[in-house]
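> Please find the sequence and the predicted model below.
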Amino acid sequence: MIKLVVCDVDGTLLKKGEKELSQHIKSKIKNLINKGIMFAVASGRAYHELKRLFEDISDEIYYIPSDGGAVIYKEKTYYKKPILPFVMANMVKPISLNEGLSLSVSGKYITYILSADKDFIHLAEKNLNGHFVEIEDISEINEDIYKISFYGQPKSTFANKILSGTYNSMLKRVYDEHGWNEFVAKQAGKESAVECMMKSLKIKKEALAVIGDDINDVQMLGLTENSVAVTGSHQKAREASKHKDISIETVLDNIIGKGEI
């Protein structure tokens with residue numbers, strides 16, 4: 001019997017091109033919760049973005065934002081693995097000064113943007129609904145940082161080495177496609193956050209269901225046999241999952257109706 005469902009957002013709950021979560025999906029999540037099944041969203045998005053998406057049911061679900069940088073429930077942070085400031089500085093400054101890449105830094109309630117690219121800033125304005133601040137230097141940030149994201153094409157061998165994920169042993173690269181290179185603390189990650197939840201809530205792997213679609217879901221999908229790569233998933237997510245090519249609606253309906261996938 002499944003007791004905890006952990007689900008990715010973009011490409012999973014939100015189909016490609018969708019900007020808002022449908023009431024249809026929200027009602028299914030509500031039905032799960034009413035059945036006594038806990039529901040968590042695990043996403044590369046920052047907490048403030050997720051909370052807006054789920055505003056109708058925001059206090060009824062667990063949040064694993066920033067690719068596993070934290071676990072938040074009813075505004076309380078139960079688990080966090082922030083990036084240490086000196087680690088961030090050692091990585092960010094050489095690139096932001098010399099390479100001209102755009103930088104997005106995720107805190108809990110604010111995303112910080114460092115970029116000379118007006119199109120990138122316009123995109124932040126469009127997608128972050130006011131929850132962002134433009135900065136000129138990372139020393140302006142005075143809160144825990146859960147994720148660093150670089151966008152653009154590096155010019156130098158040194159920058160490519162930094163963005164390869166092998167330069168700093170205290171960071172972990174979680175995404176490296178479509179012009180993005182995204183990093184969390186070495187001890188963070190969706191899978192680490194889910195394991196923390198399982199321990200805290202006394203959930204065995206047989207009672208856990210994980211649903212995702214992309215490369216940043218792979219390790220999380222490996223935590224249980226109740227793993228699903230939804231229709232249209234990345235090949236690596238499909239390889240990591242027990243169940244494949246199922247719509248999110250069908251998966252949720254199965255869990256609601258049968259308590260299993």
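On my side now, so go ahead. Numbers count the residues shown, from 1 in each chain.
> How far away from the center of its chain is stretch 156-165?
23 Å (Cα atoms, centre = their mean, to the nearest Å).
> what about it, average pLDDT?
Average pLDDT, stretch 156-165: 84.
> Would you check that residue 160 makes contact with residue 153?
No. With contact defined as Cβ atoms under 8 Å, residue 160 and residue 153 do not form a contacting pair (9.6 Å). From N, CA and C alone the C-beta is placed, and that goes for glycine too.
> what residue ranges in the stretch 51-200 of the chain score low on pLDDT?
Applying pLDDT under 70 to the stretch 51-200 of the chain flags the ranges 96-97.
> Now the helix ranked longest in the chain: buried residues?
Longest helix in the chain by number of residues (criterion: DSSP state H): helix 85-98. Using 16 or more other Cβ atoms under 10 Å as the test for burial, helix 85-98 gives 87-88, 91-92, 95-96.
> Which pair of the residues you listed spans the longest distance?
The most widely separated members of those are 87 and 96, with 14.7 Å between them, by Cβ to Cβ.
> re the thing from before, residues touching the longest helix of the chain, excluding its own?
101, 103, 105, 114, 138-139, 145, 148, 150, 154, 156, 158-159, 162-163, 167-168, 170-171, 183, 185 (Cβ atoms under 8 Å, 6 or more residues apart in numbering).
> Which of those fall within strands?
Secondary structure from DSSP state E places 103, 105, 114, 148, 150, 171, 183, 185 of those in strands.
> From residue 142, how far off is the spatially closest residue to the second one that is not a sequence neighbour?
Setting aside the residues directly before and after it, residue 105 is nearest to residue 112 in space (Cβ to Cβ, 6 or more residues apart in numbering), at 4.2 Å. Between residue 112 and residue 142 the computed distance is 10 Å (Cβ to Cβ, to the nearest Å).
> Looking at the two, which is more packed in?
Neighbour totals were compared for residue 112 and residue 142, and residue 112 leads with 20 against 7 (other Cβ atoms under 10 Å).
> element containing residue 50, please.
helix 47-53 (DSSP states H and E).
> Using neighbour counts, pick out the buried residues of that helix.
So helix 47-53, judged by 16+ other Cβ under 10 Å, has buried residues 47-51, 53.
> Likewise for stretch 13-20?
For stretch 13-20, the buried set under the neighbour-count rule, 16+ other Cβ under 10 Å, comprises 13-15.
> can you give me the helices for the protein?
23-34, 47-53, 85-98, 118-127, 157-163, 190-201, 218-221, 235-240, 248-258.
> Quick one: closest of those to residue 6.
helix 190-201 (5.4 Å).
> Any idea how far that closest one is from the middle of the chain?
The answer for helix 190-201 is 14 Å, by Cα atoms, centre = their mean.
> For that helix, buried residues please.
Neighbour-count burial for helix 190-201 [16+ other Cβ under 10 Å]: 190-198.
> repeat for stretch 117-127
Buried, per 16+ other Cβ under 10 Å, within stretch 117-127: 120-121, 123-124.
> Give the bridge partners for the residue nearest to residue 105, please.
residue 105, residue 133 (DSSP bridges).
> dump the residue contacts of residue 102.
Contacts of residue 102 by Cβ under 8 Å, 6+ apart are 113-117, 120, 150-152.
> Not counting residues beside it along the chain, what's closest to residue 192?
Per Cβ to Cβ, 6+ apart, closest to residue 192 is residue 68, 5.6 Å.
> Count the neighbours of the one you found for me.
31.
> Please apply the same query to the one 3 residues further on.
Using other Cβ under 10 Å as the criterion, residue 71 is surrounded by 23 other residues.
> can you check residue 103 too?
19.
> check contacts around the residue lying closest to it once chain neighbours are set aside.
Distances taken as Cβ to Cβ, 6+ apart place residue 114 nearest to residue 103, at 4.2 Å, with adjacent residues excluded. Listed by Cβ under 8 Å, 6+ apart, the contact set of residue 114 reads 92, 96, 102-103, 105, 134-138.
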